[in-house]
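# okay, predicted coordinates and the sequence, questions at the end:
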Amino acid sequence: MAKIAVLAGDGIGPEIIAEGLKVLKAVAPQHGQDLEFTEALVGGAAYDATGHPLPPETLELVQNSDAIFFGAVGGPKYDVIPDPNMRPERGALLPLRKKLGLYANLRPCILYSALSSACPLRADLVEGGFDILVVRELTGGLYFGQPKSWEGDNAIDTCLYSREEITRILHVAFKAAQKRPNKRVVSVDKANVLETSRLWRDTATKVAAEYPDVELSHQLVDATAMDLVRRPQSFDVIVTENLFGDILSDEAAQLTGSLGMLPSASLGQGTFGLYEPSHGSAPDIAGTGKANPLATILSAALLLRYSLGAEAAALQIEKAVEIVLNAGHRTGDIAETPDTKIVTCTEMGDLVVA
Ligand code: NAI
Ligand code: MG
């Protein structure tokens with residue numbers, strides 16, 4: 001039996017998590033997956049109830065779980081908590097990632113064929129959609145390297161990577177590529193000017209030797225930024241360091257049309273992972289039934305794929321989402337025209353289950 005910690009959080013968190021759970025409960029048993037769900041408080045909801053956004057009982061639960069299914073945290077009410085370390089994102093999400101050693105962030109950026117008109121790029125560049133997986137190193141590089149300082153008119157950030165840190169993220173990318181039809185990895189760096197990038201490129205080439213079925217190419221980050229808007233269909237898996245991944249994943253995400261469609265997985269050692277939609281708690285639409293639950297439902301598919309090894313179950317969910325979209329069902333954020341008929345968050349979840 002796999003133990004899933006369910007942390008719904010704030011705003012639309014509980015609404016979208018309810019739909020994700022509905023889908024997991026419908027699909028998992030068909031694939032012999034026995035899941036046990038335990039809910040716990042996180043974020044503003046936890047702060048209100050206990051005075052801390054990541055209470056000890058929640059931390060204990062996640063440390064004894066196989067995966068975390070996470071909604072979203074935060075909202076205007078909590079932005080004004082006097083101690084910034086008690087605010088939902090800084091006090092709950094960042095410590096969770098750190099304590100659990102989640103060093104790999106996976107963001108599938110899929111433009112579904114049925115939604116290709118939502119893509120800001122010229123129609124002929126994205127006809128039929130695309131499917132890019134961005135794998136970003138999450139705990140090293142320029143964001144964390146020491147020394148880091150700002151004194152007077154001089155400031156320093158340090159970009160630091162060890163071969164070990166690079167090796168482990170590359171394994172994540174190659175393993176993910178092996179499960180995909182095209183099996184291609186583009187390793188993105190700036191090896192013409194950065195030493196960390198030269199180490200990165202050397203490591204990527206060495207790790208690639210262990211995956212003869214996957215094709216590796218190297219690309220400079222500026223060229224990748226251009227190619228994402230020039231020929232997005234040419235990409236399969238992109239793997240890169242923290243800063244480049246932060247920027248490229250947001251760029252790729254914008255090409256898919258709506259935040260409400262983007263799932264994510266954060267992985268650490270072994271099969272443990274945290275699965276959440278890429279968007280936030282959307283306080284502006286909380287409680288209205290307008291939230292798009294598909295990013296969360298697709299995050300449930302990633303949970304099955306990466307933490308439970310249930311590839312067929314993951315594919316079944318992804319296929320169901322595609323069928324629902326092809327049939328023309330839309331939440332407001334992905335509606336093509338003002339007179340598109342809109343379904344609610346709950347209805348969308350029901351459609352995917354059906
Ligand atoms: P947001 O992602 O919550 O919302 C941005 C816009 O997208 C809003 O107009 C919202 O209505 C819309 N939107 C987001 N998800 C949607 C969905 N599933 N369906 C339909 N529309 C959707 O970002 P925002 O407004 O900047 O932040 C709101 C709160 O969420 C803040 O407190 C922020 O700190 C927090 N946040 C939390 C994250 C997390 O828990 N991982 C990540 C990002 C923000
Ligand atoms: Mg970013």
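Received the coordinates, thanks. Ligands and ions are numbered 1, 2, ... in the order given.
# geometric centre of this structure: which residue is closest?
Ser264 (1.5 Å; C-alpha atoms, centre = their mean).
# is that residue in a helix, a strand, or coil?
Under DSSP: H, G, I helix; E, B strand; the rest coil, Ser264 falls in the strand class.
# quick check: it vs Asn64, distance?
23 Å (C-beta to C-beta, to the nearest Å). All C-beta atoms are positioned from the backbone trio N, CA, C, and that covers glycine.
# does the residue nearest to the centre of the chain touch Tyr275 like I think?
Yes - the pair Ser264 / Tyr275 is scored as a contact, 7.3 Å apart, by C-beta atoms under 8 Å.
# partner residues bridging the residue nearest to the centre of the chain?
Applying DSSP bridges to Ser264 gives these bridge partners: Glu276.
# quick check: Pro277 touching Val73?
No - the pair Pro277 / Val73 is not scored as a contact, 11.8 Å apart, by C-beta under 8 Å.
# host element of the nearest residue to Lys99 once chain neighbours are set aside?
Distance criterion C-beta to C-beta, 6 or more residues apart in numbering; nearest residue to Lys99, sequence neighbours excluded, is Leu59 at 7.1 Å. Under the criterion of DSSP states H and E, Leu59 resides in helix 56-63.
# what does the following helix or strand past that helix contact?
On the C-terminal side of helix 56-63, the nearest following helix or strand under DSSP H and E is strand 67-72. Residues outside strand 67-72 that contact it (C-beta atoms under 8 Å, 6 or more residues apart in numbering) are 2-14, 16-17, 20-21, 24, 37, 42-43, 62, 96, 271-277, 279-282, 296, 299-300, 303, 307-308.
# after strand 67-72 comes which helix or strand?
helix 76-79.
# surely Leu274 forms part of a strand?
Yes - using three-state DSSP, the assignment for Leu274 is a strand.
# quick check: it touching Leu94?
No - here Leu274 lies out of contact with Leu94, judged by C-beta under 8 Å, at a distance of 11.8 Å.
# more neighbours: these two, which one.
A direct count of neighbours by other C-beta atoms under 10 Å for Leu274 and Leu94 places Leu274 higher, at 25 against 13.
# any idea how the protein splits into domains?
Using automatic domain parsing, the domains assigned to the chain come out as 1-103+262-354, 120-255.
# can you tell me the closest non-neighbouring residue to Arg305?
Nearest non-adjacent residue to Arg305, counting by C-beta to C-beta, 6+ apart: Ala314, 3.8 Å away.
# oh, I was asking about Lys179
Glu311 (6.4 Å).
# wouldn't the one you found be in contact with Arg305 here?
Yes - assessed by C-beta under 8 Å, Glu311 is found in contact with Arg305 at 5.8 Å.
# between those two, what contacts are shared?
Lys179.
# these two - which one has more neighbours?
Arg305 (23 against 14).
# surely the more buried one is in a strand?
No - Arg305: not assigned to a strand; according to three-state DSSP it is helix.
# okay, it and Leu100: tell me how far apart.
Distance from Arg305 to Leu100, by C-beta to C-beta: 18 Å.
# related to what we said a few turns ago, right, so the domains of the chain: which one is the most enclosed?
Here the criterion is mean neighbour count by mean count of other C-beta atoms under 10 Å, and of these the winner is domain 1-103+262-354, at a mean of 19.
# that one near ligand 1 anywhere?
Yes - interface with ligand 1: domain 1-103+262-354 contributes 72-75, 89, 93, 276, 279-285, 291-292, 295, 333 (C-beta under 6 Å from any ligand atom).
# list the ones among those that fall in helices.
Ala295 (DSSP state H).
# for the stretch 151-300 of the chain, give the residue positioned nearest to ligand 1.
Nearest residue of the stretch 151-300 of the chain to ligand 1: Gly280, at 2.4 Å (C-beta to the nearest ligand atom).
# how long is stretch 76-93 end to end?
With C-alpha to C-alpha, to the nearest Å applied, stretch 76-93 spans 17 Å between its terminal residues.
# is any residue of that stretch near ligand 2?
No - counting by C-beta under 5 Å from the ion, ligand 2 is not contacted by stretch 76-93; separation bottoms out at 12.5 Å.
# quick one: the residue nearest to Lys179 from Ala265, how far?
14 Å.
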